[in-house]
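Q: generate coordinates for the sequence data below:
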Amino acid sequence: QAARVEAKAIVNAAGIWIDGVNRLAEPSAARRITGTKGSHIMVQLPPECRTFGIITSYRDGNPFYIYPWRGMHYIGPTDTLFEGNVNEDVVATEDEIAFLIGEANHLLPSVNLKRTDVLFTWAGVRPQTYDPEIPMGRRWRHMHDMTEDGMPNVFAMTAGPVTTHRSAGIQLAAR
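A: Predicted coordinates for the structure are as follows:
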């Protein structure tokens, strides 16, 4: 059913679904999102590693984390362009799992992780800011004023990770 709601302003904070939500209101709304997928694996490292984590970089220079969690460690994330169906296709692929195992073994060769050591995996898609010049999107938070798309007083924020939610909220409230 349809309903009428009035507000002074609307914030589209739908993350990776921002473009879809915008197009519900205005089908010709411009693209704002580029998705990048991050996959993780969960393993159990030797007991002497249980309370230690590592923050470093992959061999290609991207951020790489090994974090302890409840006696296990999660390893990741990957960082790949995502162009699939965000409601169905967001899973860690075997290639991504192999990549994470390989990077962990490069960093910690004596651990010698294998595919059978992976307890479970997960993946998510980050809503980066679309820029046709930057295939993986812009990585910094951007506030979009949707007036130019025919939606005055509608705003959308892209590339706003949950870790910066407080400053993002301040920026949204000020707008």
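Q: distance of Val125 from Glu94?
A: Relative to Glu94, Val125 is positioned 18 Å away (CB to CB, to the nearest Å). For glycine as for every other residue, the C-beta is placed from the backbone atoms N, C-alpha and C.
Q: contacts for the worst-scoring helix or strand of the chain on mean pLDDT?
A: The helix or strand of the chain with the lowest confidence, counting by mean pLDDT, DSSP states H and E, is helix 165-174 at a mean of 83. With CB atoms under 8 Å, 6 or more residues apart in numbering as the test, helix 165-174 has contacts from 11, 13, 141, 143, 155, 157, 160.
Q: which other helices and strands contact the lengthiest helix in the chain?
A: The residue-count maximum for a helix in the chain (DSSP state H) belongs to helix 94-107. Secondary-structure packing of helix 94-107 (3 or more CB pairs under 8 Å, 6 or more residues apart in numbering; DSSP states H and E): strand 33-43, strand 63-69, strand 72-76.
Q: give the rounded mean pLDDT of the last one.
A: Throughout strand 72-76, pLDDT has a mean value of 96.
Q: how about low-confidence regions in the protein?
A: 162 (pLDDT under 70).
Q: centroid residue for it?
A: What sits nearest the mean C-alpha location of the chain, by CA atoms, centre = their mean, is Arg126, with 2.4 Å.
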